[in-house]
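Chemist: here is my input; please provide its structure:
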Amino acid sequence: MLGALMDEVRRVWAHMRRWSWPPAYPVAQFPNPPLIVGLAALGLRSLTSGAWADVLAAVGYLFIGVWAYLEVTDGVNAFRRALGMAGLAYVVYAVAVRFAT
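Modeler: Sure, this is the predicted structure:
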């Protein structure tokens with residue numbers, strides 16, 4: 001039962017990962033795992049305070065940075081590589097602001 005469910009989850013995940021728009025020059029794609037984790041951590045950060053907010057911010061910026069690096073180095077086209085550069089610039093700015101306060 002659990003094995004069949006996991007197979008179905010893997011099949012759906014593989015199908016979703018192939019989604020891109022437009023197909024000839026992908027501008028939008030299904031987010032990869034580092035981006036999902038980074039956005040989830042930054043979203044959860046807004047619901048917490050204190051040390052938990054700091055930990056979630058660190059995790060979020062780390063994973064957004066990993067996603068941006070992967071886009072810069074392995075992006076499928078110039079738009080995706082530029083999006084990765086913008087992501088890296090955002091992470092550098094956000095971390096600088098956190099350390100400035």
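Chemist: quick check: L88 touching W67?
Modeler: No: L88 lies out of contact with W67 (C-beta atoms under 8 Å); the separation is 9.6 Å. Bear in mind the C-beta positions are built from the backbone N, C-alpha and C, glycine included.
Chemist: what helix or strand does V76 sit in?
Modeler: For V76, there is no host helix or strand (DSSP states H and E).
Chemist: quick one: residues contacting the residue nearest to it when sequence neighbours are not counted.
Modeler: The shortest distance from V76 to any non-neighbouring residue, by C-beta to C-beta, 6 or more residues apart in numbering, is to P26 (5.5 Å). P26 sits next to 20, 76-77, 80 when contact means C-beta atoms under 8 Å, 6 or more residues apart in numbering.
Chemist: I'd like these laid out as TSV, including neighbour count.
Modeler: Output for the contacts of P26, formatted as TSV (neighbours: other C-beta atoms under 10 Å):
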residue	neighbour count
S20	15
V76	13
N77	12
R80	19
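Chemist: JSON lines please, covering those residues and showing distance to W13 and pLDDT.
Modeler: Putting these into JSON lines (distance: C-beta to C-beta, whole Å; pLDDT from 0 to 100) gives the following:
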{"residue": "S20", "distance to W13": "15", "pLDDT": "83"}
{"residue": "V76", "distance to W13": "19", "pLDDT": "91"}
{"residue": "N77", "distance to W13": "23", "pLDDT": "94"}
{"residue": "R80", "distance to W13": "20", "pLDDT": "95"}
